[in-house]
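Enquirer: Pasted the sequence and its predicted model underneath.
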There are 2 protein chains.
Amino acid sequence: MSTTYPSLSEAEARDAADPLRPWRERFVLPDGVIYLDGNSLGALPKATAALMRDVTERQWGEGLIRSWNDADWIGAPRRIGDKIADLIRAAPGEVMVCDSVTVNLYKLMLALLAARRDSAAGEGGTILTESGNFPTDLHVAAGVARQHGLTLDAAPRDQIAERIGPDTALIVLTHVHYKTGERFDMAGVQALADAHNVPLIWDLSHSVGAVPLDMGADAARFAVGCGYKYLNGGPGAPGFLYVAAEALEFLGSPIQGWMGHAAPFAMTDDYAPAEGIERFLAGTPPMLSLLALEGGVDLMLEADERARWNKAQALFDFLTLLMAARCPDLVPITPQQAELRGSHASFAHLHAWPINRALIEAGVIGDYRTPDVLRLGLTPLYLGFADIWLAVDRLAAIMEDGRWQRPEYTILNKVT
Amino acid sequence: MSTTYPSLSEAEARDAADPLRPWRERFVLPDGVIYLDGNSLGALPKATAALMRDVTERQWGEGLIRSWNDADWIGAPRRIGDKIADLIRAAPGEVMVCDSVTVNLYKLMLALLAARRDSAAGEGGTILTESGNFPTDLHVAAGVARQHGLTLDAAPRDQIAERIGPDTALIVLTHVHYKTGERFDMAGVQALADAHNVPLIWDLSHSVGAVPLDMGADAARFAVGCGYKYLNGGPGAPGFLYVAAEALEFLGSPIQGWMGHAAPFAMTDDYAPAEGIERFLAGTPPMLSLLALEGGVDLMLEADERARWNKAQALFDFLTLLMAARCPDLVPITPQQAELRGSHASFAHLHAWPINRALIEAGVIGDYRTPDVLRLGLTPLYLGFADIWLAVDRLAAIMEDGRWQRPEYTILNKVT
């Protein structure tokens, strides 16, 4: 390659000048690993490691049942929800942490369809979503459509706008695409949906903690999101659900659990939904996983959002430059313009699978997404410019020496 | 009181002769506390404390995304399900650990109603359950009934049998009652339901880990259950769901999540349910809470079931004897005969609420259930006869000196 590109010492100089650099010390990061998969499972905050000892050994072990009051376990879903509300510029009482993204999506879809049936809009119509959306969004929508006499319309991204019409019962869109990183213009699509009076649920799984969000400014009224990616909430951390206050009173959860009751411990036979967003709680929350999420959310609130996003952009641009110069066979498929994407960078290559395996073996953890995508997550709190430089350097070596063609890298994996 | 009753030293002698006595050392039990609420939140196994450090600090912190494979996180819901299957005498592949009891109940109810619609049985009818059942069971059933054009029939326990008829679409019963401790004759009621060809879902929340269960012998085909009570799985531990293999192929989850897909990481747009019980998985499981549950389940499997139940009966009889002699104003409402009850003992008193508060203050943690029930859980692995003796001794003192009438004990609680 004749292209010039920045040197490792230039990368190190940028790290030295980075105001977010000290944040790296707040995370557990294994030796010898460059972690570019925080978009799939965020790293462990050191404070969370200490928190989980306290939660397990003191709150559960010593406090036992008393901790529901004394450690305010009972208030945790709403308390952490209010913190996430702060992150996405929603109001307190508009976000509940509960269940998984999948279950929350299901609850919200059914709640909105029930409200539609109660209104003049009636039955039938389509659920509009994006083809190639994250599978759980597509699968839940397909199930709901089939069970409720609707049609699933999974349209390519560039046809979503024109598909919104009088027949559209509900729209479900993932704000930042899990594979390509493409980002919808939230305000723009929301305005279109509103013009047709169609409720729109945003899946913020790849947005929250990654890109600036403002539910209020964008007039978004319904969303779900994930706790274990950019929020660093731990493996399988509970999801969250957002309903704008103005819409809440018309909606009820289809899963009428005791924790969503107006007075759970009155233990009455009759169901009465909680007045607030608590009505979307179903069963008893998985407290260990829930409180681990709080550790991650607290860190996100402490770190300045603008600084995070600025650095994420700088890391993206740095990665893009190095990849173009050193790994030109991997084709960038993520939009370059910051407002059109999230915080991961994806590259297409026919052999992305063995390349990713070889890269992991070389100490750089990114991930593969079928059929041909190498996905690299950029998390500004615990990644630096030298990490990116070294990651690309190792990837370039793998491409040059053809190591990825070794048989051990072509064996099919179970997960990643 | 003129009644004679065993002395503390007699209780201590029974503890000394108890073959399960060494199990107590396997649990974290706070100093100065006699814990009679393991039926609400089981105690922390010491091994789980160590496990959770490993899960958090090594598996998540060091292993990061790799632990989905390397620590077999991906296999955990089924692996732990198979262990619970062993506990309830089901077969491997018939139990899945996922979501909460509430969500599992919902999924199973809808799956069974969909199968019924697909069959000749058609639409309409009633969902039969017990009045005064645990609230979440009643609330979920009420929601499902309303949403699917059915009627909820919540009948008193002694009328359940006669209510099963041609109109019954589905039965949901809690095997051991959360308040009174009454236990249904599983084989008998199941046979009645089968005679009418009506699917019956058992809620095993207050049974599993408490009383011997045998899904196979009792011909029970559908069940849900709780991980945080007698299984000592930690606060809000995930629930489980049991479907007999013979019934599985006709059932699908209404919540079509990606983790229930036949090939989650193929990431296809189209949904295809997993071949096995995995189809009832919805979203990504809350791994910290899930693995804590495994610690508790492993202990239960290690301890002999017959020995556990024998001791639970002995503790119950001992408590009953002491309560009758020393606290006659608290009226036992739990059946005395072992096969008619679970592993907790409940007593009615108009002032159960302040009495329970005073008892907690005296270092004995039981719990209160509205409107007038003091509930004492008997967990044979970490409770001894001297614990029971001392608990009743303190309760007797509270009743004698009238301490429970102090204003501080009458303030309403948040939870218990």
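Expert: Everything's here; your move. Numbers count the residues shown, from 1 in each chain, chains lettered A, B, ... in the order given.

Enquirer: How about the residue in the stretch 201-350 of chain A that chain B sits nearest to, nearest residue that isn't a chain neighbour?
Expert: Per C-beta to the nearest C-beta, A:G283 is where the stretch 201-350 of chain A lies closest to chain B, at 2.6 Å. The way it works is simple: take the backbone N, C-alpha and C, and place the C-beta from them, glycine included. Residue nearest to A:G283 in three dimensions, not counting chain neighbours: B:S100, with 2.6 Å by C-beta to C-beta, 6 or more residues apart in numbering or on different chains.

Enquirer: Over to A:D72?
Expert: Take A:D72 and drop its neighbours on the chain: the residue closest to it by C-beta to C-beta, 6+ apart is A:R79, 7.1 Å away.

Enquirer: Assign a three-state SS to the one you found, would you?
Expert: Here A:R79 is recorded as helix under DSSP: H, G, I helix; E, B strand; the rest coil.

Enquirer: Could you count how many residues lie near it?
Expert: 16 (other C-beta atoms under 10 Å in any protein chain shown).

Enquirer: Over to A:I333?
Expert: With neighbours defined by other C-beta under 10 Å, the count for A:I333 comes to 18.

Enquirer: returning to that earlier point: if I look at the residue of the stretch 201-350 of chain A closest to chain B, how far off is A:G366?
Expert: A:G283 sits 36 Å away from A:G366, taking C-beta to C-beta, to the nearest Å as the criterion.

Enquirer: quick one: A:G32 is in a helix?
Expert: No: A:G32 is assigned coil when assessed by three-state DSSP, not a helix.

Enquirer: Which residue, other than its chain neighbours, is closest to it?
Expert: If you skip the residues right next to it in sequence, A:G32 has A:G363 as its closest partner in space, 5.3 Å away by C-beta to C-beta, 6+ apart.

Enquirer: still on that earlier bit, which secondary structure state is assigned to the residue of the stretch 201-350 of chain A closest to chain B?
Expert: Put simply, A:G283 is coil when judged by three-state DSSP.

Enquirer: Tell me, what's the model's pLDDT at it?
Expert: The pLDDT attached to A:G283 in the predicted structure is 97.

Enquirer: go on, the one 4 residues further on?
Expert: Looking at A:M287, its pLDDT is 98.

Enquirer: and it, what is it in contact with?
Expert: Contacts of A:M287 were listed using C-beta atoms under 8 Å, 6 or more residues apart in numbering or on different chains, and they are A:55, A:60, A:73, A:76, B:234-236, B:289.

Enquirer: mind listing what the residue nearest to A:G283 touches?
Expert: Listed by C-beta under 8 Å, 6+ apart, the contact partners of B:S100 are A:99, A:257, A:282-286, B:236, B:238-239.

Enquirer: quick one: low-confidence ranges for chain A?
Expert: Counting by pLDDT under 70, chain A has low-confidence residues at A:1-2, A:411-416.

Enquirer: Kindly recompute the last result at 50.
Expert: For chain A, the stretches flagged by pLDDT under 50 are A:1-2, A:414-416.

Enquirer: where do the helices sit along it?
Expert: Using DSSP state H, the helices assigned to chain A run over residues A:8-16, A:46-53, A:67-70, A:76-87, A:101-118, A:135-147, A:160-163, A:186-195, A:245-248, A:287-302, A:305-326, A:352-361, A:385-401.

Enquirer: Same list, those, but as TSV with distance to B:H344 please.
Expert: Converted to TSV, the helices of chain A look like this (distance: least, C-beta to C-beta, whole Å):
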stretch	distance to B:H344
helix A:8-16	59
helix A:46-53	30
helix A:67-70	18
helix A:76-87	26
helix A:101-118	30
helix A:135-147	38
helix A:160-163	55
helix A:186-195	51
helix A:245-248	38
helix A:287-302	22
helix A:305-326	49
helix A:352-361	50
helix A:385-401	55
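
Enquirer: number of nearby residues for the closest residue to A:P332 other than its chain neighbours?
Expert: Nearest in space to A:P332, with sequence neighbours left out and distances taken as C-beta to C-beta, 6+ apart, is A:F347 at 5.7 Å. The number of residues packed near A:F347 is 23, by other C-beta under 10 Å.

Enquirer: Also the one 5 residues further on?
Expert: Neighbour count for A:A352, taken as other C-beta under 10 Å: 24.

Enquirer: now do A:L200
Expert: Every residue meeting other C-beta under 10 Å relative to A:L200 is counted, giving 24.

Enquirer: re earlier: run through the residues that contact the residue of the stretch 201-350 of chain A closest to chain B.
Expert: A:G283 sits next to A:257-259, B:99-103, B:136, B:236, B:239 when contact means C-beta under 8 Å, 6+ apart.

Enquirer: State the phi and psi torsions of it.
Expert: In this entry, A:G283 is assigned phi and psi values of phi -100, psi -170 (degrees, to the nearest 10).

Enquirer: what pairs with the residue nearest to A:P332 across the strands?
Expert: Beta-bridge partners recorded for A:F347 (DSSP bridges): A:P332, A:L374.

Enquirer: show me the contacts for it.
Expert: Residues in contact with A:F347 (C-beta under 8 Å, 6+ apart) are A:323, A:327, A:330-333, A:373-374, A:376.

Enquirer: With adjacent residues omitted, what lies nearest to the residue nearest the centre of chain A?
Expert: Most central in chain A under C-alpha atoms, centre = their mean is A:S205, positioned 2.1 Å from the mean C-alpha point. For A:S205, the nearest residue in space outside its immediate sequence neighbours is A:C226; the separation is 3.7 Å by C-beta to C-beta, 6+ apart.

Enquirer: Around the residue nearest to A:G32, how many other residues sit close by?
Expert: Burial of A:G363 is recorded as 15 neighbouring residues (other C-beta under 10 Å).

Enquirer: List the contacts of it.
Expert: A:32-34, A:394.

Enquirer: and if you look at A:L340?
Expert: For A:L340, the contacting residues are A:182-183, taking C-beta under 8 Å, 6+ apart as the criterion.

Enquirer: cutoff 10 Å now
Expert: For A:L340, the contacting residues are A:176, A:181-185, A:334, taking C-beta atoms under 10 Å, 6 or more residues apart in numbering or on different chains as the criterion.

Enquirer: PyMOL command for the buried members of these?
Expert: If you want just the buried ones from the contacts of A:L340 in PyMOL, going by 16 or more other C-beta atoms under 10 Å in any protein chain shown, the selection is:
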select buried, chain A and resi 176+181+182+183+184+334
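
Enquirer: Need the max-distance pair from the contacts of A:L340.
Expert: The widest separation within these, taken as C-beta to C-beta, falls between A:D185 and A:T334 and amounts to 16.0 Å.

Enquirer: ok, for A:L138, nearest residue in space, not its chain neighbours?
Expert: B:D269 (5.3 Å).

Enquirer: Touching, that neighbour and A:T136? I think so.
Expert: No: applying C-beta atoms under 10 Å, one finds B:D269 not in contact with A:T136, separated by 11.5 Å.

Enquirer: Of the two, give the one with the bigger neighbour count.
Expert: A:T136 (31 against 15).

Enquirer: and that one, what does it touch?
Expert: A:100-103, A:105-106, A:174, A:178, A:203, A:205, B:255-261, B:264, B:267, B:271, B:282-284.

Enquirer: Measure how buried A:E275 is and give me the count.
Expert: When neighbours are counted by other C-beta under 10 Å, A:E275 registers 11.

Enquirer: That one is in contact with A:A262, isn't it?
Expert: Yes: here A:E275 reaches A:A262: they are 6.4 Å apart, a contact under C-beta under 10 Å.
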